[in-house]
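Asks: Here is the input, now give the coordinates:
(one chain, ligands or ions: 1)
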Amino acid sequence: MRKRVYLSSPHMGGEELKYINEAFDTNWIAPLGPNVSGFENEMCEYTGSKYATATVSGTSAIHLALKCLEVGEGDVVFCSSLTFSATANPIIYQGAEPVFIDSNYETWNMCHIALQKAFDDALENNTMPKAVVIVNLYGQSADYDKLKAICDKYNVPIIEDAAESLGATYKGKQTGTIGEIGIYSFNGNKIITTSGGGMMVSNIEEYTKKALFLATQSREAERHYEHKELGFNYRMSNVVAGIGRGQLKVLDDRISKKKEIYEAYKEGFKDIEDIEMMNICDFGEPNYWLSACTIKEGSKVKPLDIMLALEKENIESRPVWKPMHMQPFFKDYKFFSSLEEGSVSEDLFNRGICLPSDTKIDKKDMNHILQILKKIFII
Ligand SMILES: Cc1ncc(COP(=O)(O)O)c(C=O)c1O
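Replies: Modelled structure (predicted):
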């Protein structure tokens, strides 16, 4: 059996153990400690955000962001439909109501036309949202000038779900730092990982203080344990943060390698009309987390054929996220499409595929993958 080629697996840089050993040597095993504050400070330096709060996951960071914006029972939150369920689940944790917004083909991210439709409807029905959660899919930024202009018009804050886009930029700014609050994920498959973890970033001190308070069981500043509101155990541990500090040192290398992989696919598919790589917009530089493509309507090859052919050779690939408005759990919530009929996110789901994008892929693996794919289209 050939060695497995993964979609996107953990790739250590070498310095992670140094920070973990420091945590062991100083007995900073328990939550918090110098690696946590070190990781937060280094993330602020990298992203240009003023404040950062390290958490146990990206999902918990989204939950904290919603709490900071006081999203509660019965509130409405607009949310990208084409995403992983973790973007939308915390809206439900808060007893709020998600309204899903379609993508456009240029960015694969939230479409400003669909967003405007949702606001028009909300104005008419007196259901204005408390927040808009915008996802930067597969490592590429959404088009924030267009989206932010609409949100600003109605004074609604943006939570940027940058779980997949750490290191990507929009007009020179790091993704995650464009909305009022941003979140990152360090889950095992992300561009850098802490095995599991997340981070909330913001330039607003009040939100950061609130997040820190909530993430540490909402403990009041008293000698005894005093709690006036519901708390959460959401802080990252000092050992885990050590992995993050080591990983951050290789983030730029990982982005370069991911870009190399994307370009190898682009070059490899240049003569195959039926494959179209995800569009890269010139408003920024993605981190190329996953190389995604679509298969043209009417092609004799279907995304499943590709996934099965790769799987036969022990190579992992994955469908594009199934949009939230199509998920049985979320299907009864409102959805605003950018099209008159059907939706862009549904079409991307039907025709899309995430190709192996592991930074440990070497030239031989890459050629092998391209050969398999080309063969399917030529037969
Ligand atoms: C877009 C998006 N949002 C949120 C998350 C949740 O992050 P985590 O797994 O760290 O909770 C993920 C990934 O897992 C994601 O891809």
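Asks: tell me which parts of this structure are close to the ligand?
Replies: Taking C-beta under 6 Å from any ligand atom as the test, the list of the chain residues beside the ligand reads 57-59, 83-84, 86-87, 135, 161, 163-164, 185, 187, 198. From N, CA and C alone the C-beta is placed, and that goes for glycine too.
Asks: Reformat those residues as TSV; add secondary structure.
Replies: Output for those, formatted as TSV (DSSP: H, G, I helix; E, B strand; the rest coil):
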residue	secondary structure
57	coil
58	helix
59	helix
83	coil
84	coil
86	helix
87	helix
135	strand
161	strand
163	coil
164	coil
185	strand
187	coil
198	strand
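Asks: Helices of the chain, residue ranges please.
Replies: 16-25, 34-47, 58-68, 89-93, 112-125, 144-153, 205-215, 238-248, 251-268, 303-312, 344-351, 363-378 (DSSP state H).
Asks: For the closest residue to residue 109 other than its chain neighbours, grab the count of nearby residues.
Replies: Nearest residue to residue 109, sequence neighbours excluded (C-beta to C-beta, 6 or more residues apart in numbering): residue 142, at 3.6 Å. Residues near residue 142, counting by other C-beta atoms under 10 Å, number 34.
Asks: Pick the one among the residues of the chain next to the ligand closest to residue 252.
Replies: Distance to residue 252 across these (C-beta to C-beta) is lowest for residue 164, with 16.9 Å.
Asks: Can you tell me how far the closest residue in space to the closest one that isn't next to it in sequence is from residue 167?
Replies: Distances taken as C-beta to C-beta, 6+ apart put residue 289 closest to residue 164, at 5.0 Å, once the chain neighbours are dropped. Using C-beta to C-beta, to the nearest Å, residue 289 is found at 9 Å from residue 167.
Asks: Which residues are in contact with each of those two?
Replies: Jointly contacting residue 289 and residue 167 under the rule C-beta atoms under 8 Å, 6 or more residues apart in numbering are residue 191.
Asks: Would you confirm that the residue nearest to residue 109 contacts residue 111?
Replies: No - counting by C-beta atoms under 8 Å, residue 142 sits too far from residue 111 to count as a contact (9.2 Å).
Asks: if we can go back for a sec, and the helices of the chain as TSV, adding mean pLDDT?
Replies: TSV is the format used below for these (pLDDT from 0 to 100):
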stretch	mean pLDDT
helix 16-25	94
helix 34-47	97
helix 58-68	98
helix 89-93	98
helix 112-125	98
helix 144-153	98
helix 205-215	98
helix 238-248	97
helix 251-268	98
helix 303-312	96
helix 344-351	98
helix 363-378	94
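Asks: Which residues are in contact with the closest residue to residue 165 other than its chain neighbours?
Replies: Spatial nearest neighbour of residue 165, chain neighbours left out: residue 136 (3.6 Å); criterion: C-beta to C-beta, 6+ apart. Residue 136 is in contact with 109, 142, 160, 161, 162, 164, 165, 168, 175, 176, counting by C-beta under 8 Å, 6+ apart.
Asks: gap between residue 136 and residue 206?
Replies: 25 Å.
Asks: Skipping adjacent residues, who's closest to the residue in the stretch 1-150 of the chain that the ligand sits nearest to in space?
Replies: The nearest approach of the stretch 1-150 of the chain to the ligand comes at residue 58, 2.6 Å away (C-beta to the nearest ligand atom). What sits nearest to residue 58 in space, not counting adjacent residues and going by C-beta to C-beta, 6+ apart, is residue 185, at 2.9 Å.
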